[in-house]
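**Q** Structure of the sequence below:
(2 chains)
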Amino acid sequence: QSALTQPASVSGSPGQSITISCTGTSSDVGGYNYVSWYQQHPGKAPKVMIYDVNNRPSGVPDRFSGSKSGNTASLTISGLQAEDEADYYCSSYTTSSTLFGTGTKVTVL
Amino acid sequence: EVQLVQSGAEVKKPGESLKISCKTSGYSFSSYWIGWVRQMPGKGLEWMGIIYPGDSDTRYSPSFQGQVTISADKSISTAYLRWNSLKASDTAMYYCARGRGSTSFDYWGQGTLVTVSS
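**A** All right, here's what the predicted structure looks like:
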């Protein structure tokens, strides 16, 4: 099993919108509506930002949104803020297992 | 309040065995999947496996099948990750996390750093 593919880095200025892609196959991202997104600040445990493609847990700002088209899922951060600078990982269910993405470093310019 | 508290950092030699723990509180331990995630130094997250304490149903990533053992003790609401023979390449941070179903994680432990060095 290979990790899902994410861009290594994405950057944006405060207030801008950015989108992180997560590309898999029909056996994972494309086959199930079980894509999640996690935010990880340096030295900290990951935190779920989106689950089941486009659901936000309580307490996560509505600036974060998720979507999916075919074998590619996306996380969009609207109105980028300084505290959004972190690593982001997607994950997808696959038969009896889960795959994480390669991770994307988000930099706020 | 849901809490997952992991055991402390470990320094071990190659070939040694190790069992790290994840003590949970604030929810019904038997009713939620709990999983383990590896993060090697400077690298990304890797899903290792999950267990449903209610019936001990356990699933492993093919990458970790046979390399580690995941278990749970319902009587003390604690999950475990065990190695029989550590390798230097097992050096990593290991996180436990509660499952939202079996498809994502909603609460995470603070991580346990395992260092394997001769």
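**Q** Mind listing what's buried along the helix or strand of chain A with the lowest mean pLDDT?
**A** Here the helix or strand of chain A ranked lowest by mean pLDDT, DSSP states H and E is strand A:97-100, holding a mean of 94. When burial is assessed from 16 or more other C-beta atoms under 10 Å in any protein chain shown, strand A:97-100 yields the following buried residues: A:Ser97, A:Thr98, A:Leu99, A:Phe100. Where you see a C-beta, it was placed from the backbone N, CA and C, and this is true even at glycine.
**Q** of those residues, closest to B:Thr115?
**A** Among the buried residues of strand A:97-100, A:Phe100 lies closest to B:Thr115 (C-beta to C-beta), at 22.5 Å.
**Q** got the residues of chain A near chain B?
**A** With C-beta under 8 Å from any C-beta of the partner chain as the criterion, chain A meets chain B at residues A:1, A:3, A:32, A:34, A:36, A:38, A:40, A:45-48, A:51-52, A:57, A:89, A:91, A:93, A:96-103.
**Q** Can you tell me which of those end up in strands?
**A** In strands, defined here by DSSP state E, the members of the residues of chain A next to chain B are A:Ser36, A:Tyr38, A:Gln40, A:Lys47, A:Val48, A:Tyr89, A:Ser91, A:Tyr93, A:Ser97, A:Thr98, A:Leu99, A:Phe100.
**Q** Just list the residues touching the residue nearest the centre of chain A, thanks.
**A** Nearest to the geometric centre of chain A sits A:Trp37, at 3.7 Å (C-alpha atoms, centre = their mean). The neighbourhood of A:Trp37, defined by C-beta atoms under 8 Å, 6 or more residues apart in numbering or on different chains, consists of A:20, A:22, A:48-51, A:64, A:66, A:75, A:88-91.
**Q** how much space between B:Gly26 and chain A?
**A** With the distance defined as C-beta to the nearest C-beta, to the nearest Å, B:Gly26 ends up 16 Å from chain A.
**Q** Let me see the contact set for that residue.
**A** By C-beta under 8 Å, 6+ apart, B:Gly26 lies in contact with B:Glu1, B:Val2, B:Gln3.
**Q** hang on, isn't the second one packed against B:Tyr27?
**A** I take that to be B:Val2. Yes. Using C-beta atoms under 8 Å, B:Val2 is in contact with B:Tyr27, at 5.2 Å.
**Q** So what sits opposite the residue nearest to the centre of chain A in the bridge?
**A** In this structure, A:Trp37 has beta-bridge partners A:Ile50, A:Cys90, where bridges are defined by DSSP bridges.
**Q** Could you say which helix or strand holds the most centrally placed residue in chain B?
**A** In chain B, the residue lying closest to the centroid (C-alpha atoms, centre = their mean) is B:Trp36, at 3.5 Å. Assigned by DSSP states H and E, B:Trp36 belongs to strand B:34-39.
**Q** Just give the strands next to that strand in its sheet, each with its orientation.
**A** For strand B:34-39, sheet partners with direction are given as strand B:45-52 (antiparallel), strand B:92-100 (antiparallel), following DSSP bridges.
**Q** who touches that strand?
**A** With C-beta under 8 Å, 6+ apart as the test, strand B:34-39 has contacts from A:46, A:98, A:100, B:4, B:22, B:24, B:45-51, B:53, B:64, B:68, B:70, B:72, B:79, B:81, B:92-99, B:105, B:111.
**Q** May I see the buried residues of strand A:97-100 organised as CSV, with distance to B:Thr115 added?
**A** CSV is the format used below for those (distance: C-beta to C-beta, whole Å):
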residue, distance to B:Thr115
A:Ser97, 27
A:Thr98, 26
A:Leu99, 27
A:Phe100, 22
